[in-house]
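Visitor: this is a predicted model, with the sequence first.
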Amino acid sequence: MRAARWYKAKDIRVEDVAEPSPAAGQVKIKVKWAGICGSDLHEYVAGPIFVPVSAPHPVSHDIAPIVMGHEFSGEVAEVGAGVTRVKPGDRVVVEPILACGTCDACLHGKYNLCDSLGFHGLSGGGGGFACHTVVGERWVHKMPEGLSFEQGALVEPAAVALHAVRISSLRAGGTAAVFGAGPIGLLLVEALKVAGASVIHVVEPSEQRRAKAKALGATYVIDPTKENPVEAIRAVSEGGVNAAFEVTGVPAVLQQCISATRYEGETMIVSIWEKEAGFQPNTVVLKEKTLKGTIAYRDIFPAVMDLMVQGHFSAEQLVTKRIELDDIVPEGFETLVAEKSQIKILVRAPD
């Protein structure tokens, strides 16, 4: 079967690999659509980050080259012995977590904080940039009626956004700022609306992405190349917002997020970083502010799909390009590097 495999930064190859078969407790999925994630782009431009290269991943036991793709939907093609929750023909999405199940976080149900955390499609075990993939039954979720496969490919990134808002201190009526209007930033705008944010600022240099943020419900949009975003936010928010969400991975933006919050404000760090970032601790200390990180999600896919059925996190609003698997490098990764107007690119799996 055809699959896109990561060998090293700037080296992803679409090639023929063996088609997987499900073992006991596993589900084989015929992939329909898969999204290119910001994490995928980080791996392409500057990886490895999650891709195991010096030793096999402790959960997947794989080492590069690995099949990529962790935002995907598909149809159950075959099930292994003992699988009871799904059957061939079911329309599904996959929660692509690799967790050990035995560390303290896993034993307390916080599997996204696993000591050996990895992702199916980033850390081995197969992936969604392929015709078929195999995952454990636990990680497979049936899609509700009326949800398209394209919409299903957005469940994973929407889960990142919804989880970030859920674990933040923001409450209904609170104010927020989102720094970065890529796919996760735009999904955060929608998640913040669902959570009852009264005002949402979005800071983004791309004109097209600012326009999309406004269409999705942002109250104010700010071009940081033309005005100081901290000053702009503080000028209309009584000294800053209750919560700021950092979704760029750009070191200088972290301090801007902190400075854009009011006293006792919170900065949520959502992005994955390629390099270190610094900030002035006094800007936190003197106003008793909080910094908090968030990774992935847990126990949230059903809620995301319920919201999608209600019209939230619409693929029609977020998908800007659809491509074939064989074109994933020039039309997918290279396009995302060159064109900041792109938001979400979906990849169609071969039949």
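Guide: Yep, it's here.
Visitor: next, count neighbours for residue 90.
Guide: For residue 90, the tally of surrounding residues (other CB atoms under 10 Å) stands at 18. C-beta here means a position set from N, CA and C on the backbone, and glycine is covered the same way.
Visitor: quick check: closest non-adjacent residue to it.
Guide: Distances taken as CB to CB, 6 or more residues apart in numbering place residue 76 nearest to residue 90, at 4.5 Å, with adjacent residues excluded.
Visitor: okay, now the domains of this protein?
Guide: Domain assignment of the chain by automatic domain parsing yields the ranges 2-158+297-348, 168-293.
Visitor: want to throw those into a markdown table with mean pLDDT?
Guide: Compiled in a markdown table, these are given as follows (pLDDT from 0 to 100):
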| stretch | mean pLDDT |
| --- | --- |
| domain 2-158+297-348 | 97 |
| domain 168-293 | 97 |
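Visitor: before we move on, back to that, what strands line up against whichever strand or helix holds the residue nearest to residue 90, and which way round?
Guide: Following DSSP states H and E, one finds residue 76 within strand 71-79. Using DSSP bridges, strand 71-79 pairs in its sheet with strand 26-35 (antiparallel), strand 91-94 (antiparallel).
Visitor: wait, which of those strands is closest to residue 128?
Guide: Distances from residue 128 to each of these were compared using CB to CB; the minimum, 3.7 Å, belongs to strand 26-35.
Visitor: what residues of that closest one count as buried?
Guide: Counting neighbours by 16 or more other CB atoms under 10 Å, one finds that the buried residues in strand 26-35 are 26, 27, 28, 29, 30, 31, 32, 33, 34, 35.
Visitor: what residues are up against the fourth one?
Guide: For residue 29, the set of contacting residues under the criterion of CB atoms under 8 Å, 6 or more residues apart in numbering consists of 74, 75, 76, 77, 92, 94, 132, 133, 134, 135, 140.
Visitor: same check, this time on the last one
Guide: For residue 35, the set of contacting residues under the criterion of CB under 8 Å, 6+ apart consists of 71, 72, 153, 154, 156, 157, 183, 344, 345, 346, 347.
Visitor: residue 318 now?
Guide: With the criterion set at CB under 8 Å, 6+ apart, residue 318 makes contact with 154, 183, 186, 187, 212, 343, 344.
Visitor: farthest-apart pair in the residues you listed, please.
Guide: If you compare every pair in the contacts of residue 318 using CB to CB, the most distant one turns out to be 154 and 212, at 14.3 Å.
Visitor: between these two, which has more neighbouring residues?
Guide: Set side by side, residue 154 and residue 212 show unequal neighbour counts under other CB under 10 Å, the larger going to residue 154 at 28 against 23.
Visitor: check contacts around the more buried one.
Guide: 35, 71, 187, 308, 313, 315, 318, 319, 344.
Visitor: and the fourth one, that one's in a helix?
Guide: Yes: secondary structure assignment places residue 308 in a helix (DSSP: H, G, I helix; E, B strand; the rest coil).
Visitor: next, count neighbours for it.
Guide: Residue 308: 22 surrounding residues under other CB under 10 Å.
Visitor: for the stretch 51-200 of the chain, which segments count as strands?
Guide: 66-67, 71-79, 91-94, 97-98, 118-119, 132-136, 140-142, 175-179, 199-203 (DSSP state E, counting those that start in this stretch).
Visitor: any idea how far residue 276 is from residue 254?
Guide: With distances defined as CB to CB, to the nearest Å, the gap from residue 254 to residue 276 amounts to 10 Å.
Visitor: same check on residue 347?
Guide: 32 Å.
Visitor: do residue 89 as well
Guide: When distances are taken as CB to CB, residue 89 and residue 276 turn out to be 48 Å apart.
Visitor: and if you look at residue 53?
Guide: Looking at residue 53 against residue 276, where the rule is CB to CB, the gap reads 21 Å.
Visitor: excluding chain neighbours, give the residue nearest to residue 1 in space.
Guide: Skipping the residues right next to it in sequence, residue 1 comes nearest to residue 131 by CB to CB, 6+ apart, at 3.9 Å.
Visitor: cool, and residue 167?
Guide: Leaving out its chain neighbours, the residue that sits closest to residue 167 by CB to CB, 6+ apart is residue 294, at 5.9 Å.
Visitor: neighbours of the one you found, how many?
Guide: Other residues near residue 294 number 19, with proximity taken as other CB under 10 Å.
Visitor: repeat that for the one 5 residues further on.
Guide: By the measure other CB under 10 Å, the count of residues near residue 299 is 13.
Visitor: which of the buried residues of strand 26-35 sit farthest apart?
Guide: Across the buried residues of strand 26-35, the longest distance by CB to CB is 22.9 Å; it joins 26 and 35.
Visitor: all helices of the stretch 1-150 of the chain, in order?
Guide: Using DSSP state H, counting those that start in this stretch, the helices of the stretch 1-150 of the chain run over residues 38-46, 104-107, 149-152.
Visitor: need these in JSON lines (columns: mean neighbour count and distance to residue 57).
Guide: Output for these, formatted as JSON lines (neighbours: other CB atoms under 10 Å; distance: least, CB to CB, whole Å):
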{"stretch": "helix 38-46", "mean neighbour count": "20", "distance to residue 57": "14"}
{"stretch": "helix 104-107", "mean neighbour count": "14", "distance to residue 57": "15"}
{"stretch": "helix 149-152", "mean neighbour count": "22", "distance to residue 57": "26"}
